[in-house]
Structure formats: structure tokens, C-alpha cells
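> Quick one: sequence and predicted model below, then my questions.
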Protein chains: 2
Amino acid sequence: MNYTEAKNELIQEWGILGSAWGINKTEAQIHGLLMISPEPLSVAEIMEELQISRGNVSMSLRALMDWGIVYKKFKLNERKEFFASEKDVWALATKVAEERQKRELKPVVKMLERIQEIKDTEADKAHVKEINKMSKELLKFAHQCDKVLKRFANSDSSWFFSTLVKLMR
Amino acid sequence: MNYTEAKNELIQEWGILGSAWGINKTEAQIHGLLMISPEPLSVAEIMEELQISRGNVSMSLRALMDWGIVYKKFKLNERKEFFASEKDVWALATKVAEERQKRELKPVVKMLERIQEIKDTEADKAHVKEINKMSKELLKFAHQCDKVLKRFANSDSSWFFSTLVKLMR
DNA sequence: TTAAAGTTTCAGAAATAATTGAAATATATA
DNA sequence: TATATATTTCAATTATTTCTGAAACTTTAA
């Protein structure tokens, strides 16, 4: 295995992983590329490396910056912008978890709260009972996950895992 | 809020959540429907409720059964099949987590293991160093997550959360 | 200013993914 | 076994998402 093969494998696989998790392939690939790059890269370098258009790179970088896992960097005496990825794996994971919670889980929690009080004399009693039970349990679960995530966000990897592993032995 | 409104909101939102996580909308909606249904439903009832084709229902149910969160049920004196969802929220969450780990995380771990040994005298030293460092850290993180997930799978919700919350206070 | 260098936007094209519906297959009952 | 009922499959269609490339916009520096 030489460097180029390894790089391509990683970028490829990172793209597949992204797709499976609802993140578009190009975004994930760009992130993979930046993640293993010792230096920040320019738009032109990313285009060249992944063989994609300027517009795509521009939009994908914006999305990655919105996730909070890619940053703009400036180089002395260079007019153009460079981009670098967060490299701390724990920081990456918590950033993504927080952002997904904000974007995708919160709306569900709001929905669950909205449907907590069903006033309905018409509907089948068993149906009302079941949706009430289920939505209450989902809400409880969501709140518990929230709590754990909050702690997550303020801790570091080594602390988290070591304590968890000790606890679970 | 009456029952029908609540049901529709839940199914709708459950579909959106699914899409954001790479699960197709219809599959998620069917799951939502079964989750709040006090009785197992037939294919015809699902078609009617969600206004989708027989083929779509059939394929989606198979996918949900592959996830391990929907089961076939038989009713006495009924020729056709009925379907029901796992209703325990903790069981749901761990099933999905295990399955995603198997399907999506394992290939990444394999890739990371493959690229652990780069033999390359040609390539830029800094690049090789960076990809080595990054892939080692990702692998370490993945292994730690694996370990936690394994414990997950054999535990129950109340134990997990109560210990975690105690721990994190 | 103005020109050059760089970045963003977005309408249309291309690629992917989801869905339908009808034929093929399977299963139960008389 | 034949027939009616139920389920699965898959080619064709439809819908959605992603990507491109050129124009519009922004920034820097002469």
C-alpha cells in the first residue's frame, strides 16, 4: 500500500460513509481530503484532487463550515482562501452530534410535545391510548439523550471513554 | 389537537427524520404508523393509510424487517400477513445502532486497518505522517465506540441512563 | 478608479433514488 | 389438483438530489 492508494481509499470510503448518513458524498470526500492534509488547501487544489467543479467545491465548503468542522485559513502573502478540517476526532464527533441534534432531533421533540395532549372523543380509544403511550416514551428517551449529549459536548474523549469503560466493566 | 392530526404529524415528522439519516421516507413512515398502531396492520391497511403502492409497501416492510424493528404477525383465521413494530424505544435504538455499525461503520474500520501500513519512499513525508496519524486516531475512536455499543446491546435503558447520569453529575 | 484574482450563486443538465403497477411467484383452501 | 388469494419482483416511470459552468459579485492592489 502506497500513499496515493491509501489516500484514495480513505476519501472513497469517507464518501460512502457520508452518503449512508445523509451527508452528501462530495462534502464527505472534501472533508476526508482536508482531514488528512497536513496543510490547508485552496479551492483549486480541492477541485484538482477530487475532479469536481468550482461551484460544487464552494457550496460543499460552505456546508462543511456550517457543520462547524471546516475552517477558513489565510496564508501570508496569499490572496486566496485556504481550508482546513478540525482534526481532533472527539471534537469532530461532538460537533456533528450537536449539530444533528439541533437540526434533526429538535423538530421531532417539538412534534412530540405538540401531540402530548390529544382531545378526541370520536377516535378509537385504543388508538389514542397507543399514540399517547408511544409519544411519551419517545419524548422521555429524547430528553435522556439530550442530557447525555450536553455532558458530551463539554468533556474530552479520554475522560469520557475511560470513565465509561471503567463503569461498564 | 385530535387523534388524526396527531397521527399525521407523527408520521410526517418520522419520515423527515428518516430521510435526514439516510433511511428512505416511506420506510420511516411505515415504521411510524406501525409504532403507534395498537394492532398489527395488513399491507392493504398500510397502502390505504399512506396512499402508496403495494410494491412499495412490500419492499419497505422487507427493509424494516432486515433492520430487525418490524415483525410479521399472524391472526387466527386470517390468510394474509400482518405487521407490527418493536415498541420498546430502547430496543429500537439499540437495534438500529447495531445494524448501522455492522453495515456502515465496519467497512470504514476495515479500510482504516488496511491503510495502517503505508510503505512509500516516494511520497511527501508530511502527507504520509498526517494520514498515518489521522487514521490511527480514527481507528482508536472507532474501537472505543464499538466497545460502548457492545455494552449497550446487552443492557436496558433504565440501567444505562441512570448509571450515566449518576456518573456525569 | 480599474483590472485582475478570487468567490458565490443558481438555472439547467446529469445522475441517483424512489415508486408504481403489472406479471410472476407463492400459498392456502376447497 | 385447481382456484382464489396474497406477496414479491422488477422494468419503466417519476421525483429528488447533486453537480456543472458561466455570469454576477466581491476583494485586493496598482
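Right, received. Where do you want to start?
> And the closest residue to DNA strand D within chain A, which helix or strand is it part of?
Going by CB to the nearest atom of the strand, DNA strand D is nearest to A:G55 of chain A, at 2.0 Å. Every C-beta, even on glycine, is put in place using the N, C-alpha and C of the backbone. A:G55 belongs to helix A:54-67 when assigned by DSSP states H and E.
> Mind checking if that helix is in reach of DNA strand C?
Yes - using CB under 7 Å from any atom of the strand, helix A:54-67 reaches DNA strand C at A:R54, A:G55, A:S58, A:M59, A:L61, A:R62.
> give the contact list for the residue most central in space within chain A.
Among the residues of chain A, the one closest to the centroid is A:V96, at 2.9 Å (CA atoms, centre = their mean). By CB atoms under 8 Å, 6 or more residues apart in numbering or on different chains, the contact set of A:V96 is A:W67, A:I69.
> distance of it from B:D120?
Counting by CB to CB, to the nearest Å, the gap from A:V96 to B:D120 is 31 Å.
> where's the residue nearest to the centre of chain A, which helix or strand?
Applying DSSP H and E, one finds A:V96 within helix A:89-100.
> which of the residues in that helix are buried?
A:V89, A:W90, A:L92, A:T94, A:K95, A:V96, A:A97, A:E98, A:R100 (16 or more other CB atoms under 10 Å in any protein chain shown).
> What of stretch A:100-114?
Within stretch A:100-114, judged by 16+ other CB under 10 Å, the buried ones are A:R100, A:Q101, A:L105, A:V108, A:V109, A:M111, A:L112.
> Now, these that are in helices?
A:R100, A:V108, A:V109, A:M111, A:L112 (DSSP state H).
> just checking, the last one touches A:A142?
Pointing back at A:L112 there. Yes - in this structure, A:L112 is within contact of A:A142 by CB atoms under 8 Å, at 6.9 Å.
> burial count for A:M134?
Neighbour count for A:M134, taken as other CB atoms under 10 Å in any protein chain shown: 21.
> Enumerate every residue touching it.
B:M35, B:I36, B:K87.
> wait, what's in contact with A:I11?
So A:I11 contacts A:Q29, A:G32, A:L33, A:L50 (CB under 8 Å, 6+ apart).
> three-state assignment of it?
With DSSP: H, G, I helix; E, B strand; the rest coil as the basis, A:I11 sits in helix.
> For A:S58, the count of nearby residues, please.
Count around A:S58 with other CB under 10 Å applied: 13.
> sorry, back to before: any chance of the residues of helix A:54-67 next to DNA strand C in TSV, with pLDDT too?
Below are the residues of helix A:54-67 next to DNA strand C laid out as TSV (pLDDT from 0 to 100):
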residue	pLDDT
A:R54	98
A:G55	98
A:S58	98
A:M59	98
A:L61	98
A:R62	98
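> Next, please give the residue ranges for the helices of chain A.
Under DSSP H, chain A gives helices at A:3-20, A:25-35, A:43-50, A:54-67, A:89-100, A:106-114, A:125-153, A:157-168.
> So for B:A20, which of those helices sits nearest?
helix A:89-100 (7.8 Å; CB to CB).
> the inter-axis angle of the closest one versus helix B:3-20?
150 degrees (axes from the mean of the first three to the mean of the last three CA atoms, to 10 degrees).
> Helix A:89-100 vs helix A:125-153, what angle?
Going by the same axes, to 10 degrees, helix A:89-100 makes 140 degrees with helix A:125-153.
> hmm, back to that, from the residues of helix A:54-67 next to DNA strand C, pick the one nearest A:A6.
Distances from A:A6 to the residues of helix A:54-67 next to DNA strand C, taken by CB to CB, are shortest for A:L61, at 23.7 Å.
> wait, doesn't the closest one sit right on A:L41?
No - at 10.0 Å, A:L61 and A:L41 do not qualify as touching, with contact defined as CB under 8 Å.
> Please enumerate the shared neighbours of these two.
Contacts common to A:L61 and A:L41, judged by CB under 8 Å, 6+ apart, are A:F83.
> Give the lowest-confidence helix or strand of chain A, using mean pLDDT as the measure.
helix A:157-168 (a mean of 67; mean pLDDT, DSSP states H and E).
> Now do A:V148 against DNA strand C, distance only.
Relative to DNA strand C, A:V148 is positioned 29 Å away (CB to the nearest atom of the strand, to the nearest Å).
> so what pLDDT did that residue get?
We have a pLDDT of 85 for A:V148.
> Flag the shaky bits of chain A, pLDDT-wise.
Along chain A, the parts satisfying pLDDT under 70 run over A:158, A:160-161, A:163-169.
> Near DNA strand C, which residues of chain A are found?
With the criterion set to CB under 7 Å from any atom of the strand, chain A comes near DNA strand C through A:19, A:42-44, A:54-55, A:58-59, A:61-62, A:79-81.
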